[in-house]
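*Asks:* this one's sequence-less:
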């Protein structure tokens with residue numbers, strides 16, 4: 001009787017071992033969950049995870065499991081995306097508030113290697129990227145959040161600068177008009193351009209001494225913002241003066257007591273007062 005009982009117990013034990021050994025070797029849900037947790041960025045937390053379907057695409061000797069999963073993640077902080085940027089600042093817009101939950105779907109492919117599972121994750125679409133980034137992960141010297149007080153201050157400062165520039169341009173325009181109105185007085189005296197010395201006289205003539213050695217006497221008059229020049233005489237190489245013909249009309253672009261800039265045809269040139 002004892003022998004019969006012993007034989008029965010041994011048979012049951014062997015059966016249990018055989019069932020256990022013949023069990024399917026596959027990655028556990030917790031292992032897959034841990035793998036996904038390790039592969040999502042730190043600004044997201046895994047909230048839920050479930051395996052929807054699993055299949056061995058290999059065989060018992062070389063198993064390759066594909067596991068279809070559904071999960072949800074929570075933003076651990078406010079997340080932003082770049083809106084636009086310039087040389088001074090990068091503007092960002094809040095796209096995901098802290099605590100927002102987002103569902104994600106995908107597949108995990110698991111291969112057995114040296115007794116351990118190696119996993120490759122493929123998430124459908126790009127949901128985590130679309131959530132945005134924390135401010136400290138946006139590379140820029142200065143970052144401004146759209147709708148913030150800092151943005152209002154930034155544009156207020158720009159508007160103030162633009163106002164100052166407009167006022168400065170207006171002041172210069174008024175100054176230029178006033179100077180052009182008294183150009184005949186301002187021009188009296190000696191001026192230096194890039195290749196000659198010019199001396200304007202109150203009798204309507206001016207003397208030119210070129211750096212190349214030539215000399216000339218010309219007549220000038222001002223009409224509005226135009227300088228009208230008529231050639232009178234020029235000195236020849238033998239030192240004699242002869243009559244010169246021609247002239248030009250130049251338009252004052254800028255003039256003050258120390259400098260003027262004139263446009264003659266397509267060319268511009270400037271002269272500075274000799275003190």
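*Replies:* Received it, and whenever you're ready, just let me know what you need. Treat the numbers as computed from the prediction; the structure is a model and nothing was measured.
*Asks:* for the stretch 51-200 of the chain, what spans make up the helices?
*Replies:* Remark: helices assigned in the stretch 51-200 of the chain by DSSP state H, counting those that start in this stretch are 127-130, 149-181, 183-187.
*Asks:* out of those helices, deepest packed?
*Replies:* Greatest average neighbour count among these goes to helix 183-187 (a mean of 17), per mean count of other Cβ atoms under 10 Å. (C-beta placed from N, C-alpha, C; glycine too.)
*Asks:* and it, what other elements does it pack with?
*Replies:* Here helix 183-187 touches strand 215-223, strand 247-255, going by 3 or more Cβ pairs under 8 Å, 6 or more residues apart in numbering; DSSP states H and E.
*Asks:* any chance of the ones you listed in JSON lines, plus mean pLDDT and distance to residue 145?
*Replies:* Shown next, in JSON lines, are the helices and strands packed on helix 183-187 (pLDDT from 0 to 100; distance: least, Cβ to Cβ, whole Å):
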{"stretch": "strand 215-223", "mean pLDDT": "96", "distance to residue 145": "57"}
{"stretch": "strand 247-255", "mean pLDDT": "95", "distance to residue 145": "44"}
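*Asks:* Tell me which of those strands sits nearest to residue 130.
*Replies:* With Cβ to Cβ as the criterion, residue 130 lies closest to strand 247-255 of the helices and strands packed on helix 183-187, at 54.1 Å.
*Asks:* What are the buried residues along that closest one?
*Replies:* The neighbour-count check on strand 247-255 (16 or more other Cβ atoms under 10 Å) flags 250, 252, 255 as buried.
*Asks:* partners of the next helix or strand after it in the sheet?
*Replies:* Counting by DSSP states H and E, the next helix or strand C-terminal to strand 247-255 is strand 259-264. Strand 259-264 has the following sheet partners, assigned by DSSP bridges: strand 247-255 (antiparallel), strand 267-273 (antiparallel).
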